[in-house]
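Q: 3D, please:
(2 chains)
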Amino acid sequence: MDSLGRDLRHGARLLWKAPGFTAVALAALALGMGATSAIFSVVDAVLLRPLPFRDPQRLLAIWEGNPAQNLEKIFVAPGNFLEWRNQSRALESLAAIHDVHINLTGGPNGPIDPEELMVERVSASLFPLLGVQPVVGRAFLPEEDQPGRTNCALLSDSLWQRRFGGDRSIAGKAIRLYDQSYTVVGVLPAGFSVLDATVDVWIPMGLDPHDVHAAGLRFLTVIARLKPGVEIGRAQTEMDVIGSRLEQANPALDRGWRPSLFPLREELVGNVQQALLVLLAAVGFLLLMACVNVANLLLARGATRRKEIAIRTALGAGRGRMVAQLLSESMLLALTGGALGLGLARGVVALVARFGPASIPRLAEARIDARLFLFALAVSVATGVLFGIAPAIESSGANINAALREGGRGGTTARSGRMVRSVLVVVEVALAVVVLIGAGLLIRSFVRLRSADPGFQPAGLLTLRVPLAGGRNVAPDRRIAFFQQVADRIATLPGVRAVGAVNGLPLTGLGLGSGFAVDGRPAPAPEQRPMGVLRSVTPAYFRVMGIPLIAGRVFTDSDTSQAPPAIIVNQTLARRFWPAGNPIGGRLVVDQNKGRVAEIVGVVADVKPERVENQDWPTIYNPYAQVPVTTMIMVVRTAGPKGAPPLSLASAVEREVHQLDPDQPVADIRSMEDVVDRAIAGARFNTALLAIFAGIAFLLAAVGIYGVISCDVSERTHEIGIRVALGAQPGDVLKLVLGQGALLAGYGTAAGMVAAFALTRLMASMLYGVRATDAYTFAAIPVLLGVVALAASYLPSRRALALDPVMALREE
Amino acid sequence: MITLRNVEKFYEGGFGRSYVLRRINLEIKEGEFVTIMGPSGAGKSTLLSILGMLDGAWTGEFDFFNHQVHRMKPRERAELNKKYIGFVFQSYHLIDNLTVYENLDIPLSYRNVKSSERAAAVCDTLDRFHIVGKRDLFPSQLSGGQQQLVAVARAVIANPKLILADEPTGNLHSSQGKEIMELFKKLNDEGATIVQVTHSETNAAYGHRVVQLADGWIVGGASGGGVKG
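A: Coordinates of the predicted model:
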């Protein structure tokens, strides 16, 4: 115990006296362990930790698909859902979910400030299916999931706290949603969510099996639970049989459509799985790099301490004693690095959980997991132990007398040590190249994504959602007038140029879609009926958004409900159905518009409905006056990019809406640039993380090369002295030292490029407009690393240049 | 060839200057074989380093082949070293991780000699010193005598006018030492000027004259009486 204390004290003193070595080693360890633990924790929260439901491995998501139309994972028609529930024997239970926005207008004590809420209409079976119990009150009863009896609600913990002060007696009290009274039956646990973490209220769905109109639409998400012992494959087989029965029974709805089953976890994290695994791999590489760095530093340090170890051995220290001393030093280093890494990891996880994109599910649940941190710590400690005690083991087999005579100078043993260190640096540079090329590709991809034309001009646009549902303007005849008045009022505000409205902004999702057909052409079979995105817009919309008109005209105030039905289509639709001709004057039958036949009066440029990187969809625009939906998003063109930021008009705009109707909620007031930013937030997050990793990789690679070259110069002091005595000029010495660094970087870069060529293919689906083998990135990274390698070698080479050959030769 | 006037070398210490060499006045003619002797700490190796342009921190005047070394910048001195001087050290100072062939190649590589000419010169030298069979061995695979033989070969490969040898036989047994000294004698006979530092009277007898140093002062043999025929 006494000797352990002495060893630790001695170790601490030595580390303190070598601040450069200690700082670099601690930084490498902290960065390696911190980044690894943080990202492991995020991956664990999102991908690995079981869903917070009972027996989560038995939970499924069921979608409908139509292979003939190349449609997969489409929402489910209510009629089919009810039939599946009736007919399936392999599934224990099924539940449907449909999300809607509903305005909250009253609490238990009367009217409250209106707020638009995200609401999920759900089957009563959902909560027992998931195994989730409310913390207050109860879940829905089966009889509450019947048409006409659905006026009861479950609240999220956050809404309960935020709007109702966490009132534990809320169960049984009434709130107002729409313009109807709902009885709160309970409050769900904090953090509970199924598909969307922002949902505040759940209400029973109350599907009516006799509702012919609803039965033909596909809008449900279906969650199911397998019976114990039943495999997903068997359930799929059974559902295929049920699907074909339904096809025969109702060909108009189901010809070509089949249910497909997927594990729920896959559905929830599928989109981000690859990105997280790429980040995990990058972080794993960083940990390896950090360990290689520490190993190298320890080996280099060991080489300089051979004389000390030889003296200690000559004075009687056994191998065990020497190992114990070096071990205590290594442990001290690894544990201190671990403590710093833990602090770093906690900070990174907190930042990621707070600022990570909302599109990554369960990110907010990320916490540092002790097991994960201990894993990283164990790897680092193992590295420290392995390479820290190497000098002791090496010295036991070496000629002590030779070591004593040689001092710190390299002999044959040092040459082999130098080889090991060089190989380690080559490995480290190779790892850095892989991380850097991965990051380079993502950065190039992100730049492309950022500069991709979304089809409209987002700068200077303010957007706000105005949901009429439940309000006094919801009646169809009042909607048109209300939005017209709102637009007129906002247009008079200083700094506003023009005002339009649409029921679904670009880059926020496909929204409402519909099958359609070209009037006058042979009607396609139902399963081959094309699908298009459907929008209702006011006449000023295209001008406000800066969406170019390609042909024909935009809507005017004369496109009223009494006027002949008019539509505008986008270029994708025009090209597909009029590849050679002019679509103006053509007519479309749009299913969603109750089969209304409308004439194409204009063609506008494509805008991206969902994601910048996704394909364009055929899009049909209706004049709002002819298809007046209840929720519209106002788009306000402000004075322009040089004027005040659009959000500075937010309160004035909101005030204008409230002057028309004080109870009308206004939600999601955002600039259009913010909307665009959110659409690429996931890509930005991945890019930012990988860019940070790339920075760390650069740093670690530079430190690694510096460490080896610096140590090399120390060991070759004598050799450099001889070379100078034999006529070497400063340039020759510089070439010798820099050449060594360049050689290591060269080998490492070559190996790394081969590895990157193989590995970056795995990230192909994360890239936009850049190939996984992008020549520019593959060419730029080696150049950058070469510069870093030369810079890292330059400092030691200056030391070599400053050597006094006489002193160097005397070091004998 | 070499004239030193009032050359002094000292270190500044806590108690004033500590002199290593004092008022050295020395003349060495071309073709001479001069031996510097003296007790340990007399300044022999320091004097040799100054003559070899390895040490620039001294005062006084140093003329070398009509070049005023004391006025030269380090780079120019290094050029003189490269052009005229070959070094032989007591502990050989071969580079451990280079073969015999590669060690011989080093001085030529620093003199911008074409690689084909370098190869020819190295092969000639290997032949001349009868070490062709050792060309691919590393220094650690050679005996002390063989290592010093390679070191001498390396010192002369670029045909230096001046060979400086610091206790060249210090680590060798007598028969190896004799062999090396015979070699120096031969080189001197072929025209090279040689300055050696040694403790050995026997080795000193190979030279034309002995310069005696004590406590940094020259106490005998400062100027030569010409070259023995």
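
Q: In its sheet, which strands sit next to the helix or strand harbouring A:Leu104, and in what direction?
A: Assigned by DSSP states H and E, A:Leu104 belongs to strand A:91-107. Strand pairing for strand A:91-107, using DSSP bridges, gives strand A:110-122 (antiparallel), strand A:174-177 (antiparallel), strand A:221-226 (antiparallel).

Q: need the next SSE after the shortest one, C-terminal direction.
A: So the one you mean is strand A:174-177. In the C-terminal direction, the helix or strand that comes right after strand A:174-177 (DSSP H and E) is strand A:180-187.

Q: number of nearby residues for residue 5?
A: Assuming you mean chain A. 10 (other C-beta atoms under 10 Å in any protein chain shown). Any C-beta I mention is one placed from the backbone N, CA and C, and that applies to glycine too.

Q: The intended chain is chain B.
A: B:Arg5, neighbours per other C-beta under 10 Å, totals 14.

Q: now B:Arg23
A: B:Arg23 has 14 neighbours, counted by other C-beta under 10 Å.

Q: Next, it: secondary structure please.
A: Here B:Arg23 is recorded as strand under DSSP: H, G, I helix; E, B strand; the rest coil.

Q: next one: A:Val733
A: For A:Val733, the secondary structure call by three-state DSSP comes out as helix.

Q: contacting residues for it?
A: Residues in contact with A:Val733 (C-beta atoms under 8 Å, 6 or more residues apart in numbering or on different chains) are A:Ile720, A:Arg723, A:Val724, A:Ser797, A:Ala800, A:Leu801, A:Leu803.

Q: picking up where we left off before, could you redo the strands paired with strand A:91-107 as TSV and give each row mean pLDDT and mean neighbour count?
A: Output for these, formatted as TSV (pLDDT from 0 to 100; neighbours: other C-beta atoms under 10 Å in any protein chain shown):
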stretch	mean pLDDT	mean neighbour count
strand A:110-122	86	18
strand A:174-177	90	19
strand A:221-226	94	24
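
Q: Redo the ones you listed as TSV? Include distance to A:Val423.
A: Output for the strands paired with strand A:91-107, formatted as TSV (distance: least, C-beta to C-beta, whole Å):
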stretch	distance to A:Val423
strand A:110-122	56
strand A:174-177	68
strand A:221-226	51
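
Q: Figure out which of these is closest to A:Arg670.
A: Closest to A:Arg670 of these, according to C-beta to C-beta: strand A:110-122, at 13.5 Å.

Q: Contact partners for residue 65?
A: No chain specified, so I'll use chain A. A:Leu71, A:Glu72, A:Lys73, A:Ile74, A:Trp257, A:Arg258, A:Pro259, A:Ser260.

Q: sorry, should have said chain B
A: B:Phe65 neighbours (C-beta under 8 Å, 6+ apart): B:Met1, B:Leu80, B:Tyr84, B:Lys161.

Q: Now do stretch A:686-701: distance to the chain's middle.
A: Centroid separation for stretch A:686-701 versus its chain: 17 Å, with C-alpha atoms, centre = their mean, to the nearest Å.

Q: Same question for that stretch: list its buried residues.
A: Applying a neighbour-count criterion of 16 or more other C-beta atoms under 10 Å in any protein chain shown, the buried positions in stretch A:686-701 are A:686-691, A:693-694, A:696-701.

Q: Next: stretch A:567-586.
A: A:567-575, A:577-578, A:583-584, A:586.

Q: Kindly export that stretch (C-alpha atoms) in CSV.
A: This file holds the C-alpha atoms of stretch A:567-586, laid out as CSV (Å, rounded to 0.1, in the frame of the first residue of the first chain):
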residue,chain,number,x,y,z
ILE,A,567,-56.8,24.3,-61.2
ILE,A,568,-53.2,25.0,-61.6
VAL,A,569,-50.7,22.1,-61.9
ASN,A,570,-47.0,21.9,-61.4
GLN,A,571,-44.4,21.1,-64.0
THR,A,572,-43.9,17.6,-62.9
LEU,A,573,-47.6,16.8,-63.5
ALA,A,574,-47.7,18.7,-66.8
ARG,A,575,-44.6,16.9,-68.1
ARG,A,576,-45.9,13.5,-67.1
PHE,A,577,-49.4,13.8,-68.6
TRP,A,578,-48.7,16.2,-71.4
PRO,A,579,-45.1,15.3,-72.3
ALA,A,580,-45.3,17.0,-75.7
GLY,A,581,-48.3,19.2,-75.6
ASN,A,582,-49.8,22.1,-73.7
PRO,A,583,-51.7,21.2,-70.5
ILE,A,584,-53.6,24.5,-70.5
GLY,A,585,-57.2,23.8,-71.1
GLY,A,586,-56.8,20.2,-70.2
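
Q: Name the surrounding residues that touch it.
A: Identification of contacts with stretch A:567-586 by C-beta under 8 Å, 6+ apart yields A:518-519, A:530, A:532, A:542, A:550-552, A:554-555, A:588, A:590, A:598-607, A:616-623.

Q: From the residues you listed, which land in helices?
A: A:Phe542 (DSSP state H).

Q: Out of the contacts of stretch A:567-586, which end up buried?
A: Among these, those buried by neighbour count (16+ other C-beta under 10 Å) are A:518, A:530, A:532, A:542, A:550-552, A:554-555, A:588, A:590, A:598, A:600-607, A:616-623.

Q: before we move on, back to that, in the contacts of B:Phe65, find the pair that's most separated.
A: Applying C-beta to C-beta across those, the maximum distance is between B:Met1 and B:Leu80, 11.9 Å.

Q: Name the residues contacting each of these two.
A: B:Phe64, B:Phe65.

Q: returning to what we had before: list only buried entries from the contacts of A:Val733.
A: For the contacts of A:Val733, a burial check counting by 16+ other C-beta under 10 Å picks out A:Ile720, A:Arg723, A:Val724, A:Ser797, A:Ala800, A:Leu803.

Q: Give me the distance from the helix or strand containing the first one to the chain's centre.
A: Assignment of secondary structure by DSSP H and E places A:Ile720 within helix A:717-725. Taking C-alpha atoms, centre = their mean, the mean C-alpha location of helix A:717-725 is offset from the chain mean by 55 Å.

Q: can you check stretch B:10-24 too?
A: Centre-to-centre, stretch B:10-24 and its host chain are 24 Å apart (C-alpha atoms, centre = their mean).

Q: what do you get for stretch B:26-42?
A: 11 Å.

Q: likewise stretch A:644-659?
A: A distance of 32 Å separates the centroid of the chain from that of stretch A:644-659, by C-alpha atoms, centre = their mean.

Q: before we move on, what about stretch A:581-601?
A: 39 Å.

Q: Now for residue 145, how many residues are close by?
A: By default, I'm working from chain A. Neighbour count of A:Asp145, defined by other C-beta under 10 Å: 23.

Q: could you do chain B instead?
A: When neighbours are counted by other C-beta under 10 Å, B:Gly145 registers 18.

Q: Who are the contact partners of the nearest residue to it once chain neighbours are set aside?
A: Nearest non-adjacent residue to B:Gly145, counting by C-beta to C-beta, 6 or more residues apart in numbering or on different chains: B:Gln176, 3.2 Å away. By C-beta under 8 Å, 6+ apart, the contact set of B:Gln176 is B:Ser143, B:Gly144, B:Gly145, B:Gln148, B:Thr169.
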